[in-house]
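**Student:** Show me the folded form of this:
(4 chains)
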Amino acid sequence: MKTIEDILRLIEDWQGKGYTVVAPVRSEGLVSFEVLRAPSQIDFDHVLTVNTLKDVTLPRCETLFKYDVEKASIEPSWEASQPIVVFGSRPCDAAAVTILDSILMGEVTDSRYARRRENMIVVTLACSQADEACFCTSMGYGPHDPTGSDIIGLPSKGGYVFRVVSQKGKDFASKVGLELDEGRADPEPELKRRITTDGIKAWLDENFESPKWEKVSENCVSCGACYYLCPTCHCFDIADEAGASRGVRMRIWDCCSFAGFTKMAAHQPRVGKHRRYRQRIMHKFKYTVDNIGKTACVGDGRCIRYCPYGVDITEVLEALRE
Amino acid sequence: MSDRLRIVGFLCNWCSYAGADLAGTTRLKHRAEVRIVRVPCSGRIDPVFILKAYERGADAVIVGGCHPGDCHYVSGNLNARRRFLVIRKLLEFIGIEPDRFEVTWCSAAEGEKWAKVVNEVCDRVEALGPFEAYKAITPPVRGPVKEVTTGEE
Amino acid sequence: MRSEQEAQLRRRVSQLLEDGTLKVVLGYASGFKGTRPLFVQDTRHVDRLVWNEACEANLTGYLLREPLKEMLDAGNRIGLVVKGCDMRAVNVLIQEGQVDRSKIYLIGMVCEGVRDGSDFSLKCRNCRVQIPEGCDETIGTHTELERLEGNPLEDILKVKAMDLAERWAYWKQELSRCIKCYACRQACPMCYCQECITEKSRPQWIEKAPTLSGNIAYHFIRAIHLAGRCVSCGECSRACPMDIPVDMLTRFVAATIEEEFGYIAGEDVNAKPFLGTYRQDDPEDFIR
Amino acid sequence: MRIETLVPTVARVEEIRQETPDIRSLRLVFEDEDFKSDFAFKPGQFCLISVLGVGEAVFCIASPPQWEDFIEVSVKEVGKVTSAIHDLEIGAKVGFRGPYGNWFPFEENFGRSIVFVGGGIGLAPLRPLIWQTLSKRDRFRDVYLIYGARSVADLVYKDDLKEWSSRDDIRFTKTVDPGGEDETWDGEVGLVPQILEKVSPPSDSVLITCGPPIMIKFVLLSANKLGFRPGDVITTLEMKMKCGVGTCGRCNIGNKYVCRHGPVFTLEEMEKLPNEF
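**Tutor:** Next up is the predicted model:
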């Protein structure tokens, strides 16, 4: 078993070996993944960060290239690829990485995502607590689930026992001399929120048109909070941020709840917020299943926690299937 | 003249632009840091113009309109007056020196006033120095206007 | 008093739906964060309506969004549960010609204060509208009301007390978190433009990307667009997932306008919109 | 050097043709020699053209693969990017990404009759396939083309139309909407679906159509009426696209991404898609 002090020493050691460490940091009420300046910044007590590992793999905005109109030059922009250790992600966020991998490194490879992903090592700290929004077990994961982690630390008697999950984790452990632990993990916390997903896909297969879509989306105000904080949502926009003669083209998160998302100069195929909300549910629980064989939801519960108007995805799924 | 400063002036077509023009035609000497954009009325000046000017490297913005009562559109300047006050206060609230946003009423006959305002504003902004705070948050590649960046990188 | 109000609210909503006065009533139900909006169309669901300290949200914005907008456009009459402070938002929408007063039925709740977590909301401090005015009916007794002490501008005064450089650093820090999810805009009852300036692309005035300069431009312009319209309900900050006090910008502008012009948005439904008018003696000592 | 999927290569505008009052065709030549020599596409595929500083928009490649030195795109002025493209002059540089998407079946249809039905700028995606078909004319039975526009002035590719009219290996029927004809007009007057029914090509042909959404809708109904098999009726769909490779998430119709699984769909496939396009 490793105590918190042991862990902080380990992280300091990794930083000393040239790894950039990204970990949950608390600032006032908000815990978010940040590039760690000092190991002592790490917060061990929170349930879940507000942001997700998308901030590492698919950031909210990034420069694709710089251009110069007069020279007609296009200069791809890429930061030096350095190994990043994500320390302290929760199992749900780690699981979400595998879903994005299937989408962005599957049939088509998003080279920017892929390069970041190759350089990212996920060291998860499994959960010793869950809040009322957590529903990972309903989506087939769990508070100690190793899916997507390279190394996982399971809570044990106030500290953590570390286990290797992937080959990448094994290589990293041997490179930095991380000793693995034998001890037993504490029991997994119980989740209060639990739904069964049986029949949801089958219902969605049959009910593109249903009056229920209007009912379940009633409270939605079409903001992007649930999307932007979702660990598996990955839609993006591409826009030029232009100067007089030079500028940058950026990739920026975008969201199916915005009316402009599908609006073309002469045509808008998706009118109405219930249709946009339908896209969100369909995309997560049907289209992604059809295309990659996985549901694009890990039950992290951020959409429930941060929706300003109480749209509750588990309730929606149950209401749809009812 | 300071070659470090650039100040954007949004001047209404009917009074202040004509006033600035008069300053030129009567060969009044004044500082040359102000680049003028002519607008139909001070009421046309949208707050985004001001932010865009800062984003593109302006160290300060001056807006000019007709004196109260002289507006070509009767009350464009009076409506704008409320907005300008709010903009100045809000700039100050977010930590921007209010002197980086100046407002002047200047008639077509007031070439001398325009010259005086320009000189005063330039002095004040010079004392504040370039608007480094804003330049620091705009990515350099998008940079300010063309001529400034040429040969810089 | 609250449980009695709640019981009476349920009774009244049930009657109003049953006798066909109203097509739907928008009120509060229990939810993950205390309460959430509830659309009641069926009298069997009135028992889901709640009235308690967690009814912090201002639901007025829903009047101009789907599905209520369509219902109003189709000529239906809609019920809305409001607090005294929410009435200011309703008034601005009427003042701006967005809502036809005769098409909405306002059920005013006498309010002992709402809470944001464990503390009373900032907007409740020194509240002067605990008894709502201008509603179609009011639920609650007018006695035994305790005015909540304190200054609703407390947070703003703290920022004002900083020097310029500190303020700039403060706002840079806060706004750098913005992810441009537009929850603040979508939550705001006054942000009803068909096309927001952030969506206009010819020219692109405000950067699409959530870069620091883009975020500052967005929130600055939002505050200006709400000048004389912001009713300080705090929905924008309540909605913000990133915990940014965006309402401080709009409330600062509101406070400035009250101080300099004596104008309070939504106080007088017959007043002319602040930026749509002027007085000859408006302050201009800042003009050269 | 192309190292990123979302980063375009530079192309030079070699020629500009004003097709109609609001449609221009641009002939583009790639600057990068390696890109140029590796470049290959099939009719039906699309590309993204960037005006630097303005943005990117989707266009079908409107020239056939056998025109090797350049490609052409036709641009109708409807929005921000298309207006900026209309402002370009010869010699201007644009960004190019592509080719993307699937393509029209070609070899699969050897031995069959082909019916092309186009409306307005919808002739653009058909044009490379028509030329390709004519280049291997002996492999096909009859080739029909029914093309119409709102008015005579709105007909695109006037040189191509002239050539197709004069050839006897393609049965070309041109039409304009009622009221769109002028005194010199020698074609039909009527809506494209009506003319299709009038021409009434054999229903065992392959029908390939593109045009404004409303026209496509009625052409599909007419094709049905004429007895075409849904699997033999092919069209190309348009949705808002940003990435072109199926990751940005906005062009899906149901679980199909128009940029990756399309843009070419058969009527049979479309009937399985939810009605959201």
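
**Student:** Check what pLDDT the residue of the stretch 1-150 of chain D found nearest chain B gets.
**Tutor:** Sorted by distance to chain B under Cβ to the nearest Cβ, the residues of the stretch 1-150 of chain D start with residue D:53, at 10.2 Å. Glycine gets a C-beta too; all of them are placed from N, C-alpha and C. Per-residue pLDDT puts residue D:53 at 87.

**Student:** same deal with residue D:238?
**Tutor:** On the pLDDT scale, residue D:238 is placed at 86.

**Student:** hmm, back to that, ok, for the residue of the stretch 1-150 of chain D closest to chain B, nearest residue in space, not its chain neighbours?
**Tutor:** Nearest in space to residue D:53, with sequence neighbours left out and distances taken as Cβ to Cβ, 6 or more residues apart in numbering or on different chains, is residue A:242 at 3.9 Å.

**Student:** And for whatever helix or strand residue A:6 lives in, what's in contact with it?
**Tutor:** Assigned by DSSP states H and E, residue A:6 belongs to helix A:4-16. Identification of contacts with helix A:4-16 by Cβ atoms under 8 Å, 6 or more residues apart in numbering or on different chains yields A:2, A:21, A:23, A:36, A:39-40, A:42, A:44, A:85, A:87, A:153, A:159-160, A:176, A:178.

**Student:** Tell me where chain C has helices.
**Tutor:** Residue ranges of the helices in chain C, as given by DSSP state H, are C:2-18, C:68-73, C:84-95, C:154-160, C:164-175, C:183-187, C:212-225, C:235-239, C:247-261.

**Student:** quick one: contacts of the fifth one?
**Tutor:** Right, the one you point to is helix C:164-175. So helix C:164-175 is in contact with B:92-97, B:133, B:137, C:159, C:162, C:212, C:215-216, C:219, C:244-245, going by Cβ under 8 Å, 6+ apart.

**Student:** rerun at 10 Å
**Tutor:** The set of residues external to helix C:164-175 that reach it, using Cβ atoms under 10 Å, 6 or more residues apart in numbering or on different chains, is A:27, B:91-98, B:133-134, B:136-137, C:158-163, C:210, C:212-220, C:242-246, C:248-249.

**Student:** secondary structure class for residue 24?
**Tutor:** I'll assume chain A. Assigned with DSSP: H, G, I helix; E, B strand; the rest coil, residue A:24 falls in the strand class.

**Student:** nope, chain D
**Tutor:** Here residue D:24 is recorded as strand under three-state DSSP.

**Student:** give me every residue that touches it.
**Tutor:** Counted by Cβ under 10 Å, 6+ apart, residue D:24 has contacts D:16-18, D:73-77, D:82, D:85-86, D:88, D:156.

**Student:** Sort out for me which of these are in strands.
**Tutor:** Mapping these onto strands (DSSP state E) picks out D:16, D:17, D:18, D:73, D:74, D:75, D:76.

**Student:** can I assume residue A:66 sits in a strand?
**Tutor:** Yes. If the criterion is three-state DSSP, then residue A:66 is within a strand.

**Student:** from what I can see residue A:88 touches residue A:151, true?
**Tutor:** No. Checked against Cβ atoms under 10 Å, the pair residue A:88 and residue A:151 is beyond contact range at 11.4 Å.

**Student:** what do those two both touch?
**Tutor:** Taking Cβ under 10 Å, 6+ apart as the contact rule, residue A:88 and residue A:151 both touch A:122, A:123, A:124, A:125.

**Student:** where's the third one, which helix or strand?
**Tutor:** With secondary structure defined by DSSP H and E, residue A:124 is part of strand A:120-125.

**Student:** Break down chain A into its helices, ranges please.
**Tutor:** Residue ranges of the helices in chain A, as given by DSSP H, are A:4-16, A:54-57, A:91-104, A:111-118, A:167-176, A:200-206, A:212-216, A:225-229, A:273-282, A:288-292, A:302-306, A:313-321.

**Student:** could I get these as a markdown table with mean neighbour count and mean pLDDT?
**Tutor:** Below are the helices of chain A laid out as a markdown table (neighbours: other Cβ atoms under 10 Å in any protein chain shown; pLDDT from 0 to 100):
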| stretch | mean neighbour count | mean pLDDT |
| --- | --- | --- |
| helix A:4-16 | 16 | 94 |
| helix A:54-57 | 21 | 92 |
| helix A:91-104 | 23 | 96 |
| helix A:111-118 | 18 | 90 |
| helix A:167-176 | 15 | 94 |
| helix A:200-206 | 15 | 95 |
| helix A:212-216 | 18 | 95 |
| helix A:225-229 | 25 | 95 |
| helix A:273-282 | 22 | 95 |
| helix A:288-292 | 18 | 94 |
| helix A:302-306 | 23 | 96 |
| helix A:313-321 | 19 | 94 |
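
**Student:** quick one, which of those helices is nearest to residue C:255?
**Tutor:** Taking Cβ to Cβ as the measure, these were each checked against residue C:255, and helix A:225-229 came out nearest at 27.4 Å.
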